[in-house]
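> Dropping a prediction and its sequence here:
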Amino acid sequence: MSASQSMQTQSPSVSLASLRSRLAAHQPVERTQHNLKPAAVLVLVIERTAGSQLEVLFIRRADGTDIHAGQVAFPGGSCEVSDADAWQTALREASEEVGLPAERVECIGRLNDYQTITDFHVSPFVGVIHGEFEVVPDPIEVAEVFRVPLDALLTMRMDTHTWEHIPGVRFQVFRYGDQVIWGATAEMLKSFLSLLGRTENL
């Protein structure tokens, strides 16, 4: 049995039913910031088969993008006037960025709104998709798409990291292999994981 098959057959510490229950009990803090640019992201939870370990999808933005170049992020982006609401923004952006079949995604909750240092007012949504789907990254916006088991995120230690181009500033980050999750994405991820019982620094 391969490592991936073993991971899928192990009993997850957080079931989809438990995840739904915790998100349903959460009252997200929603803010209206007229001076900020509205945006939305999708925390996409993947259940490959019924009862299998849950995974969370991330992207790494292309180096040539104007904003957040090279950073790990949740799929998402700026709201457009054609979007019915922020949830539709999150779905549209995920569809454009990774080829997500929006009709298969169920919204199961919303996290607290978040304000970035780049003047975005972000509405983070949690959605679930059952089964596999073909990932088709937009080569202009997305350099890489990867998944992290939810159990791994719940037990992963946070680390500190310093970037040479931001001297003297240290960030709390999650590390998964060669990937470094930091900034707004790390903060929203911490908010998500805290609902599932994660303590800040394991």
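Yes, it's here. Small disclaimer: the values here were computed from a predicted structure and weren't measured. Residues are numbered from 1 along each chain as shown.
> Tell me what residue 175 is bridged to.
With DSSP bridges as the criterion, residue 175 is bridged to residue 180.
> let me fix that: residue 129
Beta bridges link residue 129 to residue 46, judged by DSSP bridges.
> quick one, helices of the chain?
For the chain, the helices defined by DSSP state H cover 3-9, 16-25, 86-98, 150-155, 183-195.
> Please identify the most buried of the ones you listed.
helix 86-98 (a mean of 22; mean count of other CB atoms under 10 Å). The C-beta positions use only the backbone N, C-alpha and C, and glycine is treated the same way.
> And the helices of the chain: which comes nearest residue 109?
Residue 109 sits nearest to helix 16-25 of all the helices of the chain, at 2.8 Å, using CB to CB.
> tell me what the closest one is packed against?
Identification of packing neighbours for helix 16-25 by 3 or more CB pairs under 8 Å, 6 or more residues apart in numbering; DSSP states H and E yields strand 37-47, strand 106-110, strand 120-130.
> what does that helix contact?
45, 47, 54, 108-110, 126, 128, 195-196 (CB atoms under 8 Å, 6 or more residues apart in numbering).
> That helix to helix 183-195, inter-axis angle?
Put simply, helix 16-25 runs at 100 degrees to helix 183-195, going by axes from the mean of the first three to the mean of the last three CA atoms, to 10 degrees.
> and helix 16-25 with strand 37-47, angle?
With the same axes, to 10 degrees as the basis, helix 16-25 and strand 37-47 are set at 150 degrees to each other.
> Count the residues that sit near residue 60.
By other CB atoms under 10 Å, 20 other residues sit near residue 60.
> ok, now residue 157?
By the measure other CB under 10 Å, the count of residues near residue 157 is 8.
> quick revisit: could you export the helices and strands packed on helix 16-25 as JSON lines, including mean pLDDT, distance to residue 160 and mean neighbour count?
Shown next, in JSON lines, are these (pLDDT from 0 to 100; distance: least, CB to CB, whole Å; neighbours: other CB atoms under 10 Å):
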{"stretch": "strand 37-47", "mean pLDDT": "96", "distance to residue 160": "24", "mean neighbour count": "23"}
{"stretch": "strand 106-110", "mean pLDDT": "97", "distance to residue 160": "29", "mean neighbour count": "17"}
{"stretch": "strand 120-130", "mean pLDDT": "96", "distance to residue 160": "23", "mean neighbour count": "22"}
